[in-house]
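# Whatever this is, show me its structure:
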Amino acid sequence: MMQEKLSSRLLSDKNLVTALEVFVAIAETRQVTRAAKLLGITQSAASQQLASLEEACDARLVDRSVRPLRLTQAGELCLRHAQRILNSIEDLATSMRHEGPRPISVLRVGMLASIATTLTPPLVNLTKADFGVEDLTLHAGQSGDHEALLRSKRADLVVTSNPFYDMDGLERHDVLTETFLLVLPESYRGPSGSLSDILDNLPLVRFAATTSVGRRTEQHLRRLKLAVPRVIQADRSSMVTACVAQGLGFTILTPSLLIDGFVEQMPLSLRPLPAASFSRSITVVARAGELGDLPEQVATMAAQSLTDQITRQMGPVGREALHLP
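Below is the predicted model of the structure:
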């Protein structure tokens, strides 16, 4: 009788799918706060969904007395079923998408903000002309935004600098790898034989440490044993390049992060780093098997469009910093 009552409560809960999605995110991240952020909801909403699922299951699913939190035995069992249920729902959505009058009628794409302007027109042309996409939604942001979009299923595909190897069920297609370059004000006439020489004359304008590019830059400077004061930090490449163009400092960025600055004809001077360099990769990431060969074609298109734009705007220095797969 108790099992029948429990089964009835679960099946009658209209919010069961949402609660399961929240529970899986909590199980994967081991934090309610982080799970809520990834799903684009408040922490209190995530806690409420977890409590509702525990009430429906008549069991405690999460041990909140430890940090990071961990699943109880009932929670481990619930997680296995939850993943299977959510996978089945996703399979249903995929099947129905391919049963429509066109193979992919709706597509949601996330892109790095720095390359969104360059990639949007060719992406629209490709998806509409070759794949019959009728409803296309585009999001510009950073790789952290892309993780949230993928986990919450608010994006089908992202063009990003993080391949998300910690997430299962994804396919990945390389676009290009790009080397970080030294970016100086065009008017700079001081020494540039080493970063130390430049730092004696100009402060470093950098991406904020909360961003992927900022963390990569900070790690590289530590490897070089350079202590650099944090004078100016920003979370958008256009803000960084605008400061450099005005002679307020220098920066270290990749060609794709410099596109908008060169399109706006900012007075910038590009050079290879006068020390060991480092790089980042851009990848197309999509949920595996949902979009046919569209992700691979998007990666090919993105590589060509970015290479053409960077070569046109930055010349040989920008082109030589690119490495195609």
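
# Could you tell me which ranges of the stretch 1-150 of the chain sit under the pLDDT cut-off?
1-14, 91-103 (pLDDT under 70).

# Please enumerate the helices of it.
Along the stretch 1-150 of the chain, counting by DSSP state H, counting those that start in this stretch, helices occupy 2-11, 16-29, 32-39, 43-57, 73-98, 113-131, 143-151.

# what's the distance between the nearest residue to Thr127 once chain neighbours are set aside and Leu112?
Nearest non-adjacent residue to Thr127, counting by Cβ to Cβ, 6 or more residues apart in numbering: Val133, 4.1 Å away. C-beta: built from backbone N, CA, C; applies to glycine. Val133 is 20 Å from Leu112, where distance means Cβ to Cβ, to the nearest Å.

# likewise Val228?
Note on Val228: its distance to Leu112, by Cβ to Cβ, is 25 Å.

# So for these two, which sits in the more crowded spot?
Leu112 (24 against 16; other Cβ atoms under 10 Å).

# so who does the more buried one touch?
By Cβ atoms under 8 Å, 6 or more residues apart in numbering, Leu112 lies in contact with Ala140, Gly141, Gln142, Ser143, Val159, Thr160, Ser161, Ser256, Ile282.

# so it bridges to which residues?
With DSSP bridges as the criterion, Leu112 is bridged to Gly141.

# Do I have it right that the residue nearest to Thr127 meets Leu107?
Yes. With contact defined as Cβ atoms under 8 Å, Val133 reaches Leu107; the gap is 4.7 Å.

# Give me the neighbour count for Thr137.
12.

# Excluding chain neighbours, what is closest to it?
Leaving aside its sequence neighbours, Thr137 sits nearest to Arg108 (Cβ to Cβ, 6+ apart; 4.6 Å).

# who touches that neighbour in this structure?
Counting by Cβ under 8 Å, 6+ apart, Arg108 makes contact with Leu136, Thr137, His139, Leu149, Arg154, Ala155, Asp156, Leu157.

# what secondary structure does His173 sit in?
In three-state terms, and counting by DSSP: H, G, I helix; E, B strand; the rest coil, His173 is strand.

# Give me the local confidence score for it.
pLDDT for His173: 97.

# Wait, it touches Ile282, no?
No. His173 is beyond contact range of Ile282, at 10.3 Å (criterion: Cβ under 8 Å).

# So which of the two has more stuff around it?
Using other Cβ under 10 Å, the more surrounded residue of His173 and Ile282 is Ile282, with 25 against 21.

# Residues in a beta bridge with that one, which ones?
Applying DSSP bridges to Ile282 gives these bridge partners: Leu176.

# Quick check: it vs Ala74, distance?
According to Cβ to Cβ, Ile282 stands 42 Å off from Ala74.

# Equivalent analysis for Pro68, please.
Distance from Pro68 to Ala74, by Cβ to Cβ: 18 Å.

# For the closest residue to Cys243 other than its chain neighbours, which three-state class applies?
With sequence-adjacent residues excluded and distances taken as Cβ to Cβ, 6+ apart, Cys243 is closest to Val205, at 4.6 Å. Assigned with three-state DSSP, Val205 falls in the strand class.

# residues in contact with Pro274?
By Cβ under 8 Å, 6+ apart, the contact set of Pro274 is Leu182, Ser192, Gly193, Ser194, Leu195.

# I am finished for the moment; much appreciated.
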